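Participant: Requesting a structural model of the entry that follows:
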Amino acid sequence: MTLLNLANPTRFLTLAQRLLPWLAALTAILLVTGLTLAAMAPDDYQQGATVKIMFVHVPSAWLSMFVWGVMSLSAFGTLVWRHPLADVAAKAAAPFGAAFTFLALVTGSLWGRPMWGTYWEWDARLTSMLILFLMYLGLIALWRAVEDPSRAARACAIFTLVGAINLPIIKFSVDWWNTLHQPASVIRSGGPTLDKSFLIPLLVMAIGFSLMFITLHLAAMRNEILRRRIRSLQLLQASQQQPGVA
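Facilitator: Numbering: from 1, shown residues only. Presented below is the predicted three-dimensional model:
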């Protein structure tokens, strides 16, 4: 099935209905497996048991940026290709992106307290992540503030593309500036530096979190399409009930 076929909301709803049970089951299996492997992972010789916060913190941080990237592609779909589902995809993704970013900030603070001696430090990585969280909240507020759906879609698409500038800042902040945050240890030119006892559970959790987002995103898109259909029917019914002009 091509993207053009999926431009039809009815076909998308049919596909989502078929995929959601399988995606939910696979997500549950991966998350249970990942959490089990994470619990069995040894303590770090420096960080002790607190290193296991990594198995939630890192996937959350990855997805906080990935979701904004998905929304940026959707913004192009709204402004350039006029794809009927582009705005639906972006609007449905934003709350999940905000949730992942918030979880990354909270787990990062809990992880940072025993390592850095403080829950928060205004360094480049932490500050840029906080800005990303505020951008998610601003985007959600913008969608709710503009009543006309087409105007809201265009305004939010522009906001999303402008906000995408923050993504490389987050990614390369540990390389560009001297920060408390450790440099990349998985996706790097020289290969991962993590031991397999940590790397394998981390990758399983990352895949599990990613599938969880895909599952929830499809469900949210389905709900948004149905909500818009109900709104259209209500507006049509209200227009038909208006008294005629004499």
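Participant: In this protein, which helix is the longest?
Facilitator: helix 196-241 (DSSP state H).
Participant: Which neighbouring elements make contact with that helix?
Facilitator: Helix 196-241 sits against helix 9-40, helix 54-76, helix 86-116, with contacts defined as 3 or more C-beta pairs under 8 Å, 6 or more residues apart in numbering; DSSP states H and E. C-betas here are computed from N, CA, C, even on glycine.
Participant: Could you dump those into JSON lines and include mean neighbour count?
Facilitator: Output for these, formatted as JSON lines (neighbours: other C-beta atoms under 10 Å):
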{"stretch": "helix 9-40", "mean neighbour count": "15"}
{"stretch": "helix 54-76", "mean neighbour count": "21"}
{"stretch": "helix 86-116", "mean neighbour count": "20"}
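Participant: average pLDDT for the longest helix of the chain?
Facilitator: When pLDDT is averaged along helix 196-241, the result is 90.
Participant: what does stretch 101-116 give?
Facilitator: pLDDT averaged over stretch 101-116 gives 91.
Participant: Not counting that stretch itself, show me its contacts.
Facilitator: 47-48, 50, 53-54, 56-57, 60-61, 64, 118-121, 126, 129-130, 132-133, 136, 180 (C-beta atoms under 8 Å, 6 or more residues apart in numbering).
Participant: try 7 Å
Facilitator: Contacts to stretch 101-116, defined as C-beta atoms under 7 Å, 6 or more residues apart in numbering, come from residues 47, 50, 53, 56-57, 60-61, 64, 118-120, 129-130, 132-133, 136, 180.
Participant: Let's see the PyMOL selection covering just the buried ones among the residues you listed.
Facilitator: Entered in PyMOL, the line below selects the buried ones among those, by 16 or more other C-beta atoms under 10 Å:
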select buried, resi 50+53+56+57+60+61+64+129+132+133+136
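Participant: what residue ranges in this structure score low on pLDDT?
Facilitator: Applying pLDDT under 70 to the chain flags the ranges 1-7, 180, 183-193, 243-246.
Participant: hmm, 50 instead?
Facilitator: 1-3, 245-246 (pLDDT under 50).
Participant: just to revisit the earlier point, for A157, which of the helices and strands packed on helix 196-241 is the nearest?
Facilitator: When these are compared by C-beta to C-beta, helix 54-76 sits nearest A157, at 3.7 Å.
Participant: just how off-centre is that closest one within its chain?
Facilitator: The chain centroid and the centroid of helix 54-76 are separated by 4 Å under C-alpha atoms, centre = their mean, to the nearest Å.
Participant: still on that earlier bit, how far off centre is the longest helix of the chain?
Facilitator: 11 Å.
Participant: Okay, angle between that helix and helix 86-116 too, please.
Facilitator: Angle of helix 196-241 versus helix 86-116, following axes from the mean of the first three to the mean of the last three C-alpha atoms, to 10 degrees, is 140 degrees.
Participant: if we can go back for a sec, closest one to I170 among the helices and strands packed on helix 196-241?
Facilitator: Short answer: helix 54-76, nearest of those by C-beta to C-beta, at 6.0 Å.
Participant: Tell me how far the residue nearest to A219 when sequence neighbours are not counted lies from R227.
Facilitator: Once flanking residues are discounted, A219 sits nearest to L20: 6.1 Å by C-beta to C-beta, 6 or more residues apart in numbering. L20 is 17 Å from R227, where distance means C-beta to C-beta, to the nearest Å.
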